[in-house]
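Trainee: I'd like to go over a predicted model; first the sequence, then the structure.
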Amino acid sequence: MTRRPESFNEVAALYDRARPLYPQPLIDDLLALTGVRAGDHVLEIGCGTGQITLPLAERGLTITALEPGADLAAIARRKLAAYPDALVVERRFEDYDLPPEPFDLVVSATAFHWVDPGIRVIKSAAALRPGGHLAIIQSHWGIGTHRDPFDLRSQVCYERWDPETEPGFVPPVVADLPATCQELDDSPCFASVEHRRYEQVNRYSTASYLDLLRTFSNVLGFDAADRAGLLACLGQLIDAEFGGTIERSDTRELWLARATS
């Protein structure tokens, strides 16, 4: 199974419709803790369809949003049409030439893990003014404080159709997530690393949950037969045992690091 960042562009409209928005407390904390305000310059790495770009643009920030997927970028541009200071550039961060003027904030929401680990931290630091911030947002789908019944019941479907699922696998909870971000802690380019977690409870019908799964890189990497088998198995489970509706806890993590120079 191959996980490709390019696969998101193949389901751009579904990605925009099916994925839950980022929680407002996360956005509020991001702005408060970094101190960015209207007119400050932001570089976004991997904006997708603009799910966090739009709320930042609404606060008056000047944004350069990088997105290599043409269809994803087109949706983001439509959302941002009313904000002339928000520019979407079809380019990978690895291929982007940093401008002479540094940014006040570099942000990457559910995308930083796709960037070349050999350069992502040091190039982010190079993009920032001294005292500017790097904000990394990570999404942990289906991981909450407690393990829910669907977590355990759904494993039979993954064991049957996902070749990477080991028999007897027990889904993690928030307490199992790392409490540190080693690449930020180890970097001399950053100091004062802060960490916040935000748990969302999202309610899904059978159809909306299967649509969400169709936007996940691991599911997109399945061959067609395994993907169809997994989705059919999960759909039947939700309908038969959960009345056609489930609630899932998702955890978003915010890592904030201040540039030292």
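Mentor: Perfect, thanks for sending it.

Trainee: The helix or strand hosting residue 137 pairs with which strands, parallel or anti?
Mentor: Assigned by DSSP states H and E, residue 137 falls within strand 128-140. Paired with strand 128-140 in the same sheet, following DSSP bridges, are strand 103-109 (parallel), strand 245-259 (antiparallel).

Trainee: May I see those strands arranged in CSV, with distance to residue 20 and mean pLDDT as well?
Mentor: C-beta coordinates here come from the backbone N, C-alpha and C atoms, glycine included. Listed next are the strands paired with strand 128-140 as CSV, based on distance: least, C-beta to C-beta, whole Å; pLDDT from 0 to 100:
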stretch, distance to residue 20, mean pLDDT
strand 103-109, 12, 98
strand 245-259, 7, 97
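
Trainee: ok, and which of those strands has the densest surroundings?
Mentor: Neighbour counts (mean count of other C-beta atoms under 10 Å) averaged over each of the strands paired with strand 128-140 peak at strand 103-109, with a mean of 26.

Trainee: What lies in contact with it?
Mentor: With contacts defined as C-beta atoms under 8 Å, 6 or more residues apart in numbering, strand 103-109 is touched by 22, 30, 34, 36, 40-48, 51-52, 56, 61, 64, 115, 124, 127-129, 132-137, 139.

Trainee: In the stretch 1-150 of the chain, where is pLDDT below threshold?
Mentor: Counting by pLDDT under 70, the ranges of the stretch 1-150 of the chain that qualify are 1-3.

Trainee: Please, where are all the helices along this protein?
Mentor: 12-18, 24-34, 53-58, 70-79, 120-127, 149-153, 155-161, 182-185, 206-213, 217-220, 224-241 (DSSP state H).

Trainee: now the longest one: mean pLDDT?
Mentor: Which is helix 224-241. For helix 224-241, the mean per-residue pLDDT is 97.

Trainee: what helices or strands is that helix leaning on?
Mentor: Packed against helix 224-241, as judged by 3 or more C-beta pairs under 8 Å, 6 or more residues apart in numbering; DSSP states H and E, are the following elements: helix 149-153, helix 155-161, helix 206-213, helix 217-220.
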